[in-house]
Each structure stands twice: as structure tokens, then as C-alpha cells.
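Asks: turn this into a structure:
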Amino acid sequence: MSRKNNIRYLYLLTVFFITLSGFGQMPIFKRYYIADIPGLGWLAKFYITHYIHYTCAALLLGLLAYITTYYMFSDRKRLKLSATGYLRGALIIGLITTGILLVIRNFEGYIFSHNLIIFLDLSHLTLVMLFLFTSLYCLVFKKKWTVENNQ
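Replies: Residues are numbered from 1 along each chain as shown. The predicted structure follows:
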């Protein structure tokens with residue numbers, strides 16, 4: 001298996017678990033009895049999904065740093081970002097920004113207004129849904145992150 005495929009599968013697995021654990025932060029798995037399915041009870045446990053979400057977020061940040069660095073130093077002359085690549089990149093930057101602010105909110109000594117916290121929560125959820133729908137669109141219509149550079 002090539003390095004590119006390994007990174008791709010790790011990225012997909014990370015996005016899957018960060019999404020699953022993110023929705024696990026809301027009580028939807030318990031409310032709709034998904035957590036009652038044998039083997040899925042952990043989805044209703046807040047701290048388990050919380051730690052999985054933070055771990056996957058750290059892994060995703062590391063993967064994105066690696067992919068970005070590799071692109072900047074190795075592939076930039078051969079490949080360029082596509083329109084959907086720019087869109088997905090912007091959505092991920094928004095997710096990272098709102099996610100970091102939501103993490104900072106949990107630290108002692110940082111006081112955010114209630115309105116800002118609600119805005120951050122709704123923005124993060126909206127960006128997740130936009131990213132997932134954009135990714136689904138790109139999967140169905142075979143839109144890649146990058147295209148060949150024709151210079």
C-alpha cells in the first residue's frame with residue numbers, strides 16, 4: 001500500500017470518528033436508542049466521546065499539517081488545489097477555528113459570553129454539516145482536492 005493511500009485511509013477514519021464522537025457530544029444516540037444497540041453503548045457516554053473527539057482532533061491537525069507541508073514542498077509545482085479543494089479547505093479552517101475557541105472556552109479563566117458560546121456551537125455544527133455535504137458531493141461527482149497544474 002502506498003503512502004498516499006495510507007494517509008487517505010487514516011484521514012477518512014479520523015474524519016469518521018471525529019464526526020461520530022462530535023455527534024455523540026449531543027444526546028442523539030441515547031435519545032434515538034442507537035446506544036441501546038449492543039456494542040454501541042459507548043456512544044451515549046459523554047466523556048468517552050469527548051476524549052475520542054479531542055484525540056481525533058489532534059490527529060486531524062497533525063495529518064493536515066503533514067499533508068499541507070508535503071504539498072507545499074513536493075507537489076505544489078505538479079498539482080494545484082481545485083475549486084472544491086479550496087472550499088473544503090476553507091470549511092476545515094473554519095472548523096479548526098471554532099473548535100479551538102470551543103476548547104479555550106473550557107479552560108479556567110476564560111470567560112466567553114453566552115451569546116458567543118451559542119454562536120460558536122452553532123457555527124461549528126453548521127460547518128460540520130457543510131463539510132460533510134460538500135465531501136459527499138465530491139465523492140459522488142468524483143471531485144478531487146487537487147488537479148494537475150497545466151503551466
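Asks: how about the helices in this protein?
Replies: 3-24, 28-31, 46-70, 83-105, 114-140 (DSSP state H).
Asks: wait, which of these is closest to residue 148?
Replies: When the helices of the chain are compared by C-beta to C-beta, helix 83-105 sits nearest residue 148, at 12.7 Å. C-beta here means a position set from N, CA and C on the backbone, and glycine is covered the same way.
Asks: one step back: would you turn the helices of the chain into CSV with mean pLDDT and distance to residue 39?
Replies: Converted to CSV, the helices of the chain look like this (pLDDT from 0 to 100; distance: least, C-beta to C-beta, whole Å):
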stretch, mean pLDDT, distance to residue 39
helix 3-24, 93, 13
helix 28-31, 92, 12
helix 46-70, 96, 13
helix 83-105, 97, 28
helix 114-140, 97, 24
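Asks: looking at these, spot the one closest to residue 76.
Replies: Closest to residue 76 of the helices of the chain, according to C-beta to C-beta: helix 46-70, at 9.7 Å.
Asks: what does the closest one contact?
Replies: Applying C-beta atoms under 8 Å, 6 or more residues apart in numbering, the contact partners of helix 46-70 are 7, 10-11, 14-15, 17-18, 20-22, 24-25, 42-43, 92, 96, 99, 103.
Asks: only whichever of the residues you listed are buried, select them in PyMOL.
Replies: Remark: buried members of the contacts of helix 46-70, expressed as a PyMOL selection using 16 or more other C-beta atoms under 10 Å:
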select buried, resi 11+14+15+17+18+21+22+24+43+99
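Asks: picking that back up, for residue 146, which of the helices of the chain is the nearest?
Replies: helix 83-105 (5.9 Å).
Asks: and the angle from the closest one to helix 114-140?
Replies: Inter-element angle recorded for helix 83-105 and helix 114-140: 150 degrees (by axes from the mean of the first three to the mean of the last three C-alpha atoms, to 10 degrees).
Asks: tell me which residues of helix 83-105 are tucked away?
Replies: Here helix 83-105 shows 84-85, 87-88, 91, 94-95, 98-99, 101 as buried, counting by 16+ other C-beta under 10 Å.
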